[in-house]
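**Q** what follows is a predicted structure for the sequence shown.
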Number of protein chains: 2
Amino acid sequence: MKNTALFERELPNADLERLFNPRAITIIGVGKSPYGGGFFLRSLVEAGFPHPLYPVNPRLAGGEVFGHKVYGAVAEIPGDPPVDLAIVAVPAATTPKLMGELGEAGIPFAHVFSSGYSEVGKVGLEQELLEAARRAGVRVVGPNCMGVYNPRARIFFADGLTSESGNVGYVSQSGGLAARLALNGPTRGYYFSKAVSVGNQVDLDVLDFLRYFADDPETGIIAAYLENLKRDGHLLVPLMKQTTLEKPVVIWKSGKSQRGQKAVVSHTGGLAGNYELWKAMAKQTGVTLVDSFDELTEMVQAFSILPVPETRGTAIITAGGGLSVEGTDLCEANGLTVPALSTRAQERLAAIFSDVNTNLQNPLDLGAMGLMADTFAKAMEVLADEPQISNIIFVKDPERFPVYAQNFGIENFTEVVVKSIGDAKPPGKVVVGASTILREVEDAVVARFRFQEALLEKGIPSFNTIESAIKCIRRLWEYGEYRRKHGGEKK
Amino acid sequence: MKNTALFERELPNADLERLFNPRAITIIGVGKSPYGGGFFLRSLVEAGFPHPLYPVNPRLAGGEVFGHKVYGAVAEIPGDPPVDLAIVAVPAATTPKLMGELGEAGIPFAHVFSSGYSEVGKVGLEQELLEAARRAGVRVVGPNCMGVYNPRARIFFADGLTSESGNVGYVSQSGGLAARLALNGPTRGYYFSKAVSVGNQVDLDVLDFLRYFADDPETGIIAAYLENLKRDGHLLVPLMKQTTLEKPVVIWKSGKSQRGQKAVVSHTGGLAGNYELWKAMAKQTGVTLVDSFDELTEMVQAFSILPVPETRGTAIITAGGGLSVEGTDLCEANGLTVPALSTRAQERLAAIFSDVNTNLQNPLDLGAMGLMADTFAKAMEVLADEPQISNIIFVKDPERFPVYAQNFGIENFTEVVVKSIGDAKPPGKVVVGASTILREVEDAVVARFRFQEALLEKGIPSFNTIESAIKCIRRLWEYGEYRRKHGGEKK
């Protein structure tokens, strides 16, 4: 796709490529501490950034920090290979002047980590920074942000990140929430193509990066944490309309309420828009709008792992009647249906399961037989042949597995359950688990975690509540519906 | 309170007392297996029920099961002390005749565990059971249910229950969900006065037990899982209006949707009502209506541990801006306010916290200083003197505690954090935690669990999401508002 017309005043994406894959980096304001500017140098060293790194600090000039020679000024940095990115960690008041020095050195991008601008009321200083950067021909990420994460290029913006790369592109106004989603990735089965924390967005903003990710061949799923747009929001609608036909876009728009908007101002210096407009935008463009960090994580995971369902037909498998009623209620409240099964399916189920204590309609309550290791998988095999069922939610209590292991004489009970479900998982259908626990005790919490971890290895996400599982399926289905109606093809 | 006029055809509560505190119990249909009827006998033995137990089974007459002599028929059971309760676990078809035998033996209550009635379409048999019981003068709990849990009387309806008693009275249509709430109690800091699983409610129904709990001096909080009412719902409104002025009532009404209602029929044979009516009822009566099992658990915990807030004013304490924006949004979406702090409070906060990276307004973002062991507690001490703040939500990431322990040289970091918060907790204010985690790894999950467990010991419930914490406060506040408007006094 090409939509650069929307962004005439902007950089072509080919140029933004240099921000994410710089040929050399200078870090300005590096001290000896592993925090502040030192954090970025240490982090690049630890990540194994393979190109030159030039720390700058007049007070430490000639010395070494984290194995790298410190320069006294930007003008002293070697220029070959060209330095594409300056990470700026000097006091805010000195940053406008610094932009001129970067421009003279031919450095095209500055990630300004420093804070102390509009987020603390210093709007004038922020404007001064922008004007200086414009004059110098330097494009700015930030200020008041963590900058770039690119696992392939070995650029990290937080401790503990993985160098494994994936297809999630992420733009976040909050540095903390940028790190959070990235840290969570490997534990949830998704990985990043690139991520960027944009802070106050004085120059390069959320829209620039949404456009970049839309075109980026390494990015298949786009996630965003937004508090506000710095430019006219009408640019977002055509961009998103084009993007969602090729890639799902998940946006968590925060700062909806009056007080929330006030909190936004002091967080990243922006003004939050009317949330009703955001909802209308999402409906019109196929964007998946979520309401919390947990939902953002869940939907990025869902789009990474699960297929987009063909229909809203959902089957629920439980071992107990109460939870099947809850699940059915929540499906209907979320626009999903819980369709009846075919006569053939019911006959097959009746041949497997006794009719005592069970309900072999949908929702499927397997009663006490549901406690056995392979019965959920057997039910799933029957559901595989039901075209009206696109989604399967199964509800299991892993904390009791040790008891069942003993009762049924199966030592590796968790493994057997997970393997049977993994093997029975019908291709093309959305299969998710809900792992409730009875008692909030450490053993139960650990048993649930291990069950969920093992399921994830089989490509099955699972949730701590039925409601989360259902919301996730609803959003996948809504995205599919949008694509079906608007002619988008799955890549 | 006295509202027996509403229930003219019903037992006085004094008689229901015998169901919960029987002087002797017979279990009819006991085999040698520890399941079925055997479960109840084993369970009563293990619980230490201090009065006589009389198993009945003609095939095992004269033998012993779980240390108790088996009788061949109800007529053979000794009658002194009087047998107040028969637990019935024989095939459904034989239960009507059995009611006659119970009546002749003068046994006033039958808990019919057997299933195979209206829940599988056998409406006629269920009616026959009722008519036989009426003729015999026997009152029936069930059929298709788990009966009574009374920790004081040592009567258990599931494995693993505690004999510690508390003030929660619980009536549940689902046996599984009855056990679930009861098992969760000790891990959440609440305990039961009595609980009862009522199944198909052929005779004694949810209303009977709500009325009983309303009068019961041992019960201070009433919880209910309902799928449907068997009698005219208009009886519920006056009963609840009277009850909620003295005791909070939390109801999870399930089976709201069309398919959910179908699932209800096959679960407990009932017909679910229109959910809009339930919402109107709740509004009119001060009942706390919840939407899932998790919320039921959370609200029972909340009413057990927390005060009812005086105002909707809520303070949020975080170490990071993104989460404070999320919290503020969610507060406003839930009808809570996030009021500004007094000048005095802001001065006190400014004297404690630096202004770099922090926001000392409400929401309070303590930035990097929030990572230290005692800073949340210090902020809480300032909030203690702010009358416009009735509720405090603090957001902590316990998975990082091991790192902070090292950084700050405090070995028992979790303990120090919890003690400082526990000591600073302002009496009369609602204080809850939200313990988010960054990465879904076992260490993080365990660290969160241990932090939450330690907080609970200090009387501070905590949640895995900010949203759950806020919903909980909203419901507490709504109950308080109802009481303030309708003149109820806190017991």
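**A** Thanks, I have the structure now. Computed from a predicted structure; not experimentally measured.
**Q** rest of the way, CA atoms for contacts and neighbours
**A** OK.
**Q** gap between the residue in the stretch 51-200 of chain A positioned nearest to chain B and residue A:42?
**A** Here the stretch 51-200 of chain A gets closest to chain B at one residue, residue A:184, 4.5 Å apart by CA to the nearest CA. From residue A:184 across to residue A:42, the span is 22 Å (CA to CA, to the nearest Å).
**Q** same deal with residue A:382?
**A** Residue A:382 is 55 Å from residue A:42, by CA to CA.
**Q** neighbour count winner among the two?
**A** Set residue A:382 next to residue A:42 and count neighbours by other CA atoms under 10 Å in any protein chain shown: residue A:42 wins out with 21 against 18.
**Q** pretty sure the more buried one contacts residue A:66?
**A** Yes - contact criterion CA atoms under 8 Å: residue A:42 and residue A:66 qualify, at 6.3 Å.
**Q** related to what we said a few turns ago, need the contact list for the residue of the stretch 51-200 of chain A closest to chain B.
**A** A:297, B:438-440 (CA atoms under 8 Å, 6 or more residues apart in numbering or on different chains).
**Q** roughly how far is stretch A:80-93 from the heart of the chain?
**A** Distance of stretch A:80-93 from its chain centroid, counting by CA atoms, centre = their mean, to the nearest Å, is 28 Å.
**Q** what of stretch A:137-147?
**A** 21 Å.
**Q** what's the end-to-end length of it?
**A** 19 Å.
**Q** is that stretch in proximity to chain B?
**A** No - using CA under 8 Å from any CA of the partner chain, stretch A:137-147 never reaches chain B; the gap is at least 9.7 Å.
**Q** now that stretch: mean pLDDT?
**A** Across stretch A:137-147, pLDDT averages out at 94.
**Q** identify the residues contacting that stretch?
**A** Contacts for stretch A:137-147 (CA under 8 Å, 6+ apart): A:99, A:102-103, A:107-117, A:130, A:133, A:157, A:173-175, A:196-205, A:268.
**Q** among those residues, which are within reach of chain B?
**A** A:115, A:174.
**Q** what about the contacts of stretch A:137-147, which are in strands?
**A** Cross-referencing the contacts of stretch A:137-147 against strands under DSSP state E gives A:109-112, A:196-197.
**Q** could you give the mean pLDDT of stretch A:309-321?
**A** 91.
**Q** typo on my end, stretch A:240-257
**A** Stretch A:240-257 carries an average pLDDT of 89.
**Q** show me how far that stretch is from its chain's centre.
**A** 12 Å.
**Q** can you find the helix or strand in chain A with the smallest mean pLDDT?
**A** helix A:258-268 (a mean of 57; mean pLDDT, DSSP states H and E).
**Q** now do the longest helix belonging to chain A: which elements does it pack against?
**A** Scanning chain A for the longest helix, with DSSP state H as the assignment, gives helix A:466-486. Applying 3 or more CA pairs under 8 Å, 6 or more residues apart in numbering or on different chains; DSSP states H and E, one finds that helix A:466-486 contacts helix A:293-305, helix A:321-333, strand A:391-396, strand A:430-435.
**Q** that helix: which residues count as buried?
**A** A:466-483 (16 or more other CA atoms under 10 Å in any protein chain shown).
**Q** residue A:317 against residue A:395, yeah?
**A** Yes - between residue A:317 and residue A:395 there is a contact under CA under 8 Å: 6.3 Å.
**Q** what is the burial count for the nearest residue to residue A:416 once chain neighbours are set aside?
**A** Closest residue in space to residue A:416, ignoring its immediate chain neighbours: residue A:373 at 6.4 Å, by CA to CA, 6 or more residues apart in numbering or on different chains. Using other CA under 10 Å, residue A:373 has 23 neighbouring residues.
**Q** residue A:373: what's it in contact with?
**A** By CA under 8 Å, 6+ apart, the contact set of residue A:373 is A:413, A:416-417, A:420.
**Q** TSV for those, including pLDDT, distance to residue B:238 and neighbour count?
**A** As requested, these are exported to TSV (pLDDT from 0 to 100; distance: CA to CA, whole Å; neighbours: other CA atoms under 10 Å in any protein chain shown):
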residue	pLDDT	distance to residue B:238	neighbour count
A:413	93	51	21
A:416	94	53	15
A:417	95	49	23
A:420	97	52	17
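**Q** ok, so of those residues, who is nearest residue B:78?
**A** If you rank the contacts of residue A:373 by distance to residue B:78 using CA to CA, residue A:413 comes first, at 46.0 Å.
**Q** right, so of the helices and strands packed on helix A:466-486, which gets closest to chain B?
**A** It is, among the helices and strands packed on helix A:466-486 and with distance given as CA to the nearest CA, helix A:321-333, at 4.8 Å.
**Q** that closest one and chain B in contact?
**A** Yes - counting by CA under 8 Å from any CA, chain B has neighbours in helix A:321-333: A:321-322, A:324-330, A:332-333.
**Q** from those, keep the buried residues only.
**A** For the residues of helix A:321-333 next to chain B, buried by 16+ other CA under 10 Å: A:321-322, A:324-330, A:332.
**Q** taking the stretch 351-491 of chain A, what residue is nearest to chain B?
**A** residue A:439 (4.5 Å).
**Q** how about that residue, secondary structure?
**A** At residue A:439, secondary structure determined by DSSP: H, G, I helix; E, B strand; the rest coil is coil.
**Q** return the residues in contact with it.
**A** B:180, B:183-185, B:187.
**Q** quick one, strands of the stretch 301-450 of chain A?
**A** A:314-318, A:364-365, A:391-396, A:430-435 (DSSP state E, counting those that start in this stretch).
**Q** report how many residues lie close to the residue lying closest to residue A:72 once chain neighbours are set aside.
**A** Leaving aside its chain neighbours, residue A:72 sits nearest to residue A:58 (3.9 Å; criterion: CA to CA, 6+ apart). By the measure other CA under 10 Å, the count of residues near residue A:58 is 14.
**Q** and residue A:58, its phi and psi?
**A** Main-chain torsions, residue A:58, degrees, to the nearest 10: phi -60, psi -30.
**Q** doesn't residue A:75 make contact with it?
**A** No - with contact defined as CA under 8 Å, residue A:58 does not reach residue A:75; the gap is 11.6 Å.
**Q** so what sits against both of those two?
**A** The overlap between the contact sets of residue A:58 and residue A:75 (CA under 8 Å, 6+ apart) is empty.
**Q** mind showing which ranges of chain A have poor pLDDT?
**A** For chain A, the stretches flagged by pLDDT under 70 are A:1-14, A:256-273, A:321-322, A:355-357, A:488-491.
**Q** ok, back up a step: what subset of the contacts of stretch A:137-147 is buried?
**A** Applying 16+ other CA under 10 Å to those flags A:99, A:102-103, A:107-117, A:130, A:133, A:157, A:173-175, A:196-205, A:268 as buried.
**Q** roughly how far is stretch A:330-345 from the heart of the chain?
**A** Put simply, stretch A:330-345 sits 30 Å off its chain's centre (CA atoms, centre = their mean).
**Q** can you give me the neighbour number for residue A:487?
**A** 10.
**Q** please name the nearest non-neighbouring residue to it.
**A** residue A:245 (7.3 Å).
**Q** one step back: show me what contacts the residue nearest to residue A:72?
**A** A:71-73.
**Q** what do you get for residue A:401?
**A** A:413-414.
**Q** against residue A:132, how distant is residue A:107?
**A** 14 Å.
**Q** what does residue A:307 give?
**A** Distance from residue A:307 to residue A:132, by CA to CA: 48 Å.
**Q** next: residue A:328.
**A** Residue A:328 is 59 Å from residue A:132, by CA to CA.
**Q** contact partners for the residue nearest to residue A:429 when sequence neighbours are not counted?
**A** With CA to CA, 6+ apart as the criterion, residue A:429 has its nearest non-adjacent residue at 5.0 Å, and that residue is residue A:390. By CA under 8 Å, 6+ apart, residue A:390 lies in contact with A:309-314, A:428-430.
**Q** change it to 6 Å
**A** Residue A:390 is in contact with A:309, A:311, A:313, A:429, counting by CA atoms under 6 Å, 6 or more residues apart in numbering or on different chains.
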